[in-house]
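Asks: no sequence for this one, just the structure:
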């Protein structure tokens, strides 16, 4: 399974997710065509193949003009969700391999 993670996505709506998946498929097919390879037989990019993450940091300008970056709680939650999903995929792949 291949998964692409796009960070710093301020808009993570379903439309943006579908567009990111469409663009990823398009670019992957173009690159494969350039190499003379049929990517469709090797890689299946389903809806879970693209994971959109929010920005990891929020910027704040302090009095005096100094900018401070602070980690966001939303990024931490989404990263933990992605980590769980990756572990789930790895576990499923291991069970599939052991049953063959």
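Replies: All right, it came through fine. The model shown is predicted, which means the values in this text are computed figures rather than measured ones.
Asks: distance between stretch 28-36 and the chain's centre?
Replies: Distance of stretch 28-36 from the chain centroid (CA atoms, centre = their mean, to the nearest Å) equals 21 Å.
Asks: repeat for stretch 92-100
Replies: Counting by CA atoms, centre = their mean, stretch 92-100 comes out at 24 Å from the chain centroid.
Asks: which residues sit against that stretch?
Replies: Outside stretch 92-100, the residues that touch it by CB atoms under 8 Å, 6 or more residues apart in numbering are residue 1. In this view, the C-beta of every residue, glycine as well, is placed from N, C-alpha and C.
Asks: tell me the phi and psi of residue 59?
Replies: Dihedral angles phi and psi of residue 59 (degrees, to the nearest 10) take the values phi -100, psi 140.
Asks: Might one say that it is in contact with residue 67?
Replies: Yes: assessed by CB atoms under 8 Å, residue 59 is found in contact with residue 67 at 5.9 Å.
Asks: So for the lengthiest helix in the chain, what gets flagged as buried?
Replies: What stands out as the longest helix in the chain, according to DSSP state H, is helix 73-98. Going by neighbour count (16 or more other CB atoms under 10 Å), the buried part of helix 73-98 is 75, 78, 79.
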